[in-house]
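Enquirer: 3D model of this:
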Amino acid sequence: PAARGLGASWWMAVRRVVMSRFGLRNIRPGEPVALLQERFVPGYFMHRFAISSLSRTIGGMEYARAVNGHGQQETRPIPGIEQRAALHQLLGALQPEELRIPDTVLTLMGPRPFSYGSSVELFGSRTRPAFDELGAARTLAQMVVDAILQPDRAARVVRFAVDDPRSLTLEETIDSLVSRTWRSPVPGDVKLAALQRIAQRAVADGLLALAADRDASAQVRAVADLEIATLRVDAERRSRAGSFGARAHWMAIASDFTRWAERRELPTPTKALEAPPGDPFGEP
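Expert: Next up, the predicted model:
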């Protein structure tokens, strides 16, 4: 598992360097500056393989293709301490500073010339022709949250905690996710505050999806339901103070949680934009 090796922290450190040095040197002389958008995609999502690998540590297990007589242990859950280390690194990828795109890069993200057509290597956008920085951040944030709350993974966390009281629990997993997004102090920087709200929205949507997933285990859905009930009260309280944008943000989440809790109606939130191709292979 990546939690035992370099993990996401190393990849994130390299990613910061890549983004800080990104600029006109990444295109040839005479090429449109707009091509930088597709050149920037691999840098912004550089740690997606580490995210995928680390998420497999949560609720993960080691197993061998054992043969009778060889004395190999068939399966062994990954120790709780290693699962927590992986979760800690994943939560680091959700921090506003990690979702942010440097201003030096944003100033170069001009509209793409029509003559160049579309490309699967481009970020999605809801702000055309302007570059959608917040949309890119939401894509990344949802990628991390969905990896942590993947239903089969969550069910394994519940299952393994039954046998080992030292194991990571689903309640701890979700509480840690909420603590690093909902409970963190609001940044004084306007953009960082907006990026923090994006991570908070990703968590809200992830919990709603988990609670409403009919293929998820009953215990997993029950835990998600309880977390939603608790967070609904918090969202309602926070919708009464702060900036206009913050109040609108919390009111929308509170409304979505209320609709689910009281009427079992799943809201239709604005989905995160799809990430360009490059998803890692393997089972969740």
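Enquirer: Please report how far T169 lies from T181.
Expert: Note on T169: its distance to T181, by Cβ to Cβ, to the nearest Å, is 19 Å. C-betas here are computed from N, CA, C, even on glycine.
Enquirer: who's more crowded, these two?
Expert: Between T169 and T181, T181 has the larger neighbour count (other Cβ atoms under 10 Å), namely 23 against 17.
Enquirer: Test my guess that that one contacts L94.
Expert: Yes - between T181 and L94 there is a contact under Cβ atoms under 8 Å: 6.0 Å.
Enquirer: what's the overlap in contacts for the two?
Expert: Shared contacts of T181 and L94 (Cβ atoms under 8 Å, 6 or more residues apart in numbering): 199, 202.
Enquirer: Now do the buried residues in the helix or strand encompassing L231.
Expert: Element membership for L231, per DSSP states H and E: helix 218-238. Neighbour counts using 16 or more other Cβ atoms under 10 Å place 220-221, 223-225, 227-228, 231-232, 234-236, 238 of helix 218-238 among the buried residues.
Enquirer: The residue nearest to R153 when sequence neighbours are not counted and S184, how far apart?
Expert: Setting aside the residues directly before and after it, R153 is nearest to G59 in space (Cβ to Cβ, 6 or more residues apart in numbering), at 4.4 Å. G59 is 25 Å from S184, where distance means Cβ to Cβ.
Enquirer: Over to L195?
Expert: As defined by Cβ to Cβ, L195 lies at a distance of 11 Å from S184.
Enquirer: Among those two, which residue is more densely surrounded?
Expert: Using other Cβ under 10 Å as the criterion, L195 and S184 rank with L195 on top: 25 against 15.
Enquirer: quick one: the helix-or-strand element of the chain with minimal mean pLDDT to chain centroid distance?
Expert: When the helices and strands of the chain are scored by mean pLDDT, DSSP states H and E, strand 61-63 comes last with a mean of 79. Mean-position distance between strand 61-63 and its chain equals 24 Å (Cα atoms, centre = their mean, to the nearest Å).
Enquirer: What is it packed up against?
Expert: strand 75-77 (3 or more Cβ pairs under 8 Å, 6 or more residues apart in numbering; DSSP states H and E).
Enquirer: immediately after the strand it packs on, which helix or strand?
Expert: helix 80-92.
Enquirer: So, low pLDDT: which residues of the chain?
Expert: 1-8, 64-74, 115-119, 278-284 (pLDDT under 70).
Enquirer: other SSEs contacting the helix ranked longest in it?
Expert: Using DSSP state H to define each element, the chain has its longest helix at helix 190-212. Helices and strands touching helix 190-212, as assessed by 3+ Cβ pairs under 8 Å, 6+ apart, comprise helix 96-99, helix 133-148, helix 170-181, helix 218-238, helix 244-263.
Enquirer: residues of that helix that come out buried?
Expert: When burial is assessed from 16+ other Cβ under 10 Å, helix 190-212 yields the following buried residues: 191-212.
Enquirer: Thank you, goodbye.
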